[in-house]
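*Asks:* here's a sequence, model it:
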Amino acid sequence: MSHTPTSSQAGGLFRGWLVVAGAFAVTFVGFGSAYTFSAFLESLQKDFGASRGSVSLVFSLAGFLYFGLGVLSGPLADRWGSRRLAVAGMVLVGLGLALAGQARSLTQIYLAYGLGVGLGVGASYVPVLGAVQRWFVRRRGFASGLAVSGIGVGTLVMPPLASFFIETLGWRNAYLALGALVVVVGVGMALLIENDPRDRGLGPDGDPPQPKAASAQAEGFAVRDAVRSRRFAGLYVACLISSFGLFVPFVHLVPYALDHGVPNAYAVLLLGAIGFGSTAGRFFLGGLADRMGRAQTMLLMSTGMALSLLVWAASSGFWGLAVFAFFYGAFYGGFVALLPALVMDYFGGRNIGAIIGVLYTSVAFGTLVGPAAAGFAFDVSRSYLLPILFSVGANLVAAGIMWAMSRMDASAKLASTASPRGTVGHDPSTARRS
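*Replies:* This next block holds a predicted model:
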């Protein structure tokens with residue numbers, strides 16, 4: 001197709017911002033729908049006579065798929081285009097929610113919600129974020145922040161909306177209503193996603209297109225070299241350990257509040273508080289990272305989540321839980337927003353989608369185990385104290401790993417300034433770029 005760059009630059013809206021809007025909407029309805037699960041947990045437990053652990057496993061399965069699938073959806077988007085993956089993902093999410101509303105057993109919930117929502121979000125998440133990266137260079141951080149803030153805003157808006165649907169329509173029709181919303185909004189906005197500005201005769205940020213050799217995307221580590229490095233190993237282990245507790249509040253905070261006498265309408269607002277904090281964290285903590293350094297700020301994110309979880313352990317009333325939810329959301333949001341940027345810092349942009357996809361398998365495994373294990377622990381002890389304290393410890397261990405990595409970076413920089421033949425902080429196993 002032939003497009004002239006002047007039409008998009010001469011005072012008009014740069015097309016890349018429409019791509020950001022599409023990515024925002026996809027993450028809004030995709031993750032927002034996934035994070036409504038806590039609002040449905042009590043209804044599912046009651047109607048199917050199931051334990052809290054077995055119901056929590058539904059979310060764990062979905063989370064495993066939507067983080068783990070990025071290792072496949074990223075390369076598929078490069079081949080087929082991000083728009084196709086995003087549209088297919090939104091259709092799968094909508095279908096999964098609708099089928100969950102028709103389920104007659106918990107096994108059918110596993111298949112409908114776990115597979116439908118899990119595969120749908122997994123098919124769309126990495127492709128839409130990858131598309132945003134190609135449309136921007138100078139404003140990439142801001143554009144990426146806007147795109148992923150859909151997750152935070154979705155967590156703020158969708159759970160209370162789901163609770164309203166449950167109260168007025170019943171949980172089965174609530175799933176149908178959410179499924180219809182995802183298809184209408186998600187598919188409609190996913191049509192704005194475009195893979196590459198060069199298809200419209202533009203460069204990133206609306207500039208004239210540059211020769212391929214001049215593109216920042218051309219520089220970076222080979223995937224094989226990146227994943228064999230000490231830096232990647234440190235990030236992978238830190239993310240894996242942290243993820244065992246990362247999504248426990250998304251599943252169990254509402255049941256915890258209900259167990260302690262918080263009215264349902266207020267309990268669901270706690271998920272909104274996580275979403276509000278998450279949105280704030282993605283913007284404000286990102287600026288802090290530019291000044292402090294991203295590795296040091298990631299250390300702060302894990303430490304902050306650990307301290308916030310201690311507030312949860314000590315709280316039983318709405319306001320104490322709301323304070324926990326906001327600050328946990330802020331540090332969680334900073335963690336999610338900084339992780340791709342840190343990968344870009346360490347390994348360059350050439351294979352950023354594939355490297356992030358491999359890294360996110362760590363989050364997938366942690367999510368598969370953590371929320372379900374917390375539910376089973378509650379079934380045995382009738383208390384969430386042990387899972388909360390375990391999550392505190394996991395985040396502190398992750399913070400320790402990030403501290404060690406930041407020290408390693410500092411030592412490497414000192415070595416590189418002392419020797420003109422230094423490697424600017426890259427460990428030897430990844431010194432080769434492609």
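*Asks:* which stretches in the stretch 251-400 of the chain count as helices?
*Replies:* 264-292, 294-314, 318-347, 352-381, 385-418 (DSSP state H, counting those that start in this stretch).
*Asks:* out of those, which gets nearest to Gly179?
*Replies:* For Gly179, the closest of the helices of the stretch 251-400 of the chain is helix 264-292, at 19.2 Å, according to C-beta to C-beta. C-beta coordinates here come from the backbone N, C-alpha and C atoms, glycine included.
*Asks:* quick one: the closest one to helix 318-347, angle?
*Replies:* 40 degrees (axes from the mean of the first three to the mean of the last three C-alpha atoms, to 10 degrees).
*Asks:* output the contacting helices and strands for helix 264-292.
*Replies:* Applying 3 or more C-beta pairs under 8 Å, 6 or more residues apart in numbering; DSSP states H and E, we find helix 264-292 packed against helix 37-48, helix 140-169, helix 248-259, helix 294-314, helix 318-347.
*Asks:* buried set for it?
*Replies:* If you call a residue buried by 16 or more other C-beta atoms under 10 Å, then helix 264-292 has these buried ones: 266-283, 285-286, 288-289.
*Asks:* same thing with stretch 254-266?
*Replies:* Buried residues in stretch 254-266, defined by neighbour count with 16+ other C-beta under 10 Å: Val254, Pro255, Tyr256, Ala257, Leu258, Asp259, Val262, Tyr266.
*Asks:* one step back: can I get the helices of the stretch 251-400 of the chain in a markdown table including distance to Val126?
*Replies:* Below are those laid out as a markdown table (distance: least, C-beta to C-beta, whole Å):
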| stretch | distance to Val126 |
| --- | --- |
| helix 264-292 | 17 |
| helix 294-314 | 20 |
| helix 318-347 | 10 |
| helix 352-381 | 6 |
| helix 385-418 | 22 |
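*Asks:* of the ones you listed, which is nearest Tyr66?
*Replies:* When the helices of the stretch 251-400 of the chain are ranked by proximity to Tyr66 (C-beta to C-beta), helix 352-381 comes first, at 8.0 Å.
*Asks:* quick one: mean pLDDT over that closest one.
*Replies:* Averaging pLDDT along helix 352-381 gives 89.
*Asks:* hang on, the earlier thing: just say which of the helices and strands packed on helix 264-292 is most tucked in.
*Replies:* helix 248-259 (a mean of 24; mean count of other C-beta atoms under 10 Å).
*Asks:* list the contacts of that one.
*Replies:* Helix 248-259 has contacts (C-beta atoms under 8 Å, 6 or more residues apart in numbering) with 35, 37-39, 41-42, 52, 56, 59, 155, 159, 264, 266-268, 270-271, 274, 312, 318, 321, 324-325, 328, 370-371, 374-375, 378, 384, 387-388, 391.
*Asks:* now do 7 Å
*Replies:* 35, 37-39, 41-42, 52, 56, 59, 264, 267-268, 270-271, 274, 321, 325, 328, 370-371, 374-375, 384, 387, 391 (C-beta atoms under 7 Å, 6 or more residues apart in numbering).
*Asks:* re the thing from before, and of the helices and strands packed on helix 264-292, who's closest to Val26?
*Replies:* Closest of the helices and strands packed on helix 264-292 to Val26 is helix 140-169, at 7.0 Å (criterion: C-beta to C-beta).
*Asks:* quick one, that closest one and helix 37-48 angle?
*Replies:* Using the same axes, to 10 degrees: helix 140-169 against helix 37-48 is 30 degrees.
*Asks:* and the nearest residue to Arg350 once chain neighbours are set aside, how many residues sit next to it?
*Replies:* Excluding the flanking residues, the one nearest Arg350 by C-beta to C-beta, 6 or more residues apart in numbering is Gly220, at 3.2 Å. Residues near Gly220, counting by other C-beta atoms under 10 Å, number 20.
*Asks:* next up, phi/psi of Gly220, please.
*Replies:* Main-chain torsions, Gly220, degrees, to the nearest 10: phi 150, psi 170.
*Asks:* would you agree it is in contact with Met344?
*Replies:* No - using C-beta atoms under 7 Å, Gly220 is not in contact with Met344; the gap is 8.4 Å.
*Asks:* what do these two both touch?
*Replies:* When contacts are counted by C-beta under 7 Å, 6+ apart, the set common to Gly220 and Met344 consists of Ile352.
*Asks:* can you pull the contacts of Gly277?
*Replies:* Going by C-beta under 7 Å, 6+ apart, Gly277 touches Ala325, Phe326, Phe327, Tyr328, Gly329, Ala330, Gly333.
*Asks:* contacting residues for the last one?
*Replies:* Same thing as Gly333. Counted by C-beta under 7 Å, 6+ apart, Gly333 has contacts Gly152, Gly277, Ser278, Thr279, Gly281, Arg282.
*Asks:* next up, the contacts around the one residue sitting closest to the centre of the chain.
*Replies:* In the chain, the residue lying closest to the centroid (C-alpha atoms, centre = their mean) is Val336, at 5.7 Å. Listed by C-beta under 7 Å, 6+ apart, the contact set of Val336 reads Val148.
*Asks:* swap the cut-off to 10 Å and go again
*Replies:* Residues counted as contacts of Val336 (C-beta atoms under 10 Å, 6 or more residues apart in numbering) are Phe31, Val148, Ile151, Gly152, Leu246, Ser278, Gly281, Arg282, Met301, Val363.
*Asks:* might one say that the first one is in contact with Val157?
*Replies:* So that's Phe31. No - look at Phe31 against Val157 with C-beta atoms under 10 Å: they stay out of range, at 11.2 Å.
*Asks:* Ile388 is in contact with Gly245, isn't it?
*Replies:* Yes - applying C-beta under 10 Å, one finds Ile388 in contact with Gly245, separated by 8.0 Å.
*Asks:* find residues that contact each of the two.
*Replies:* By C-beta under 10 Å, 6+ apart, Ile388 and Gly245 have these common neighbours: Leu309, Ala374.
*Asks:* comparing these two, which residue is more hemmed in?
*Replies:* Gly245 (27 against 23).
*Asks:* the more buried one in helix, strand or coil?
*Replies:* helix (DSSP: H, G, I helix; E, B strand; the rest coil).
*Asks:* which residues does it contact?
*Replies:* Gly245 neighbours (C-beta under 10 Å, 6+ apart): 305-306, 309, 366, 369-371, 373-374, 387-395, 398.
*Asks:* at 7 Å instead, please
*Replies:* Residues in contact with Gly245, defined by C-beta under 7 Å, 6+ apart, are Gly370, Phe390, Ser391, Ala394, Asn395.
*Asks:* picking that back up, from the contacts of Gly277, which shows the smallest pLDDT?
*Replies:* Out of the contacts of Gly277, that is Gly333, at 85.
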